[in-house]
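Trainee: Output the structure for:
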Amino acid sequence: MAQISIGEFTCVGKDVYLLTGSHDIEKNTFDLVTKPITIGTGCWLATASTVLPGNTIGDYAVVGANSVVCKDIKSYDVVGGNPAKFLKKRILREREEEA
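Mentor: Residues are numbered from 1 along each chain as shown. Model prediction:
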């Protein structure tokens, strides 16, 4: 219904919902409302997570399994729950050298 932008190296897990449409509950006509979703580079949206309309997920963020994203997620944040809340910062390690 609205644009979805997904950055490079992002993993979208099984049964993830990216919802760009909703309804205006303040109108008796229940009008359709659409808003885009933006997902950054290197993110992971784990199994069965849901991203609601109009939200942005920053680069390298992680959304835990079964979480519901109701507001923007900052880069490198790890979030989880319903609604998704900040759990910790994601710290990327350098790839370990092979012997």
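Trainee: how about the strands in this protein?
Mentor: 4-6, 11-12, 17-18, 21-23, 32-34, 37-39, 44-45, 50-51, 56-57, 62-63, 68-69, 77-80, 85-89 (DSSP state E).
Trainee: Export those to a markdown table and append columns for mean neighbour count.
Mentor: Every residue, glycine included, has its C-beta placed from N, CA and C. Converted to a markdown table, the strands of the chain look like this (neighbours: other C-beta atoms under 10 Å):
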| stretch | mean neighbour count |
| --- | --- |
| strand 4-6 | 13 |
| strand 11-12 | 14 |
| strand 17-18 | 14 |
| strand 21-23 | 12 |
| strand 32-34 | 13 |
| strand 37-39 | 20 |
| strand 44-45 | 22 |
| strand 50-51 | 22 |
| strand 56-57 | 22 |
| strand 62-63 | 24 |
| strand 68-69 | 21 |
| strand 77-80 | 20 |
| strand 85-89 | 12 |
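Trainee: May I have the beta-bridge partners of G80?
Mentor: Note on G80: beta-bridge partners K85, judged by DSSP bridges.
Trainee: if I look at it, how far off is I91?
Mentor: According to C-beta to C-beta, to the nearest Å, G80 and I91 sit 17 Å apart.
Trainee: do the same with T20
Mentor: Note on T20: its distance to I91, by C-beta to C-beta, is 31 Å.
Trainee: Give me the more crowded residue out of these two.
Mentor: The neighbour comparison of T20 against I91 (other C-beta atoms under 10 Å) goes to T20, with 18 against 8.
Trainee: What's the separation between that one and G64?
Mentor: Per C-beta to C-beta, T20 is found 21 Å from G64.
Trainee: Same question for L87.
Mentor: According to C-beta to C-beta, L87 stands 7 Å off from G64.
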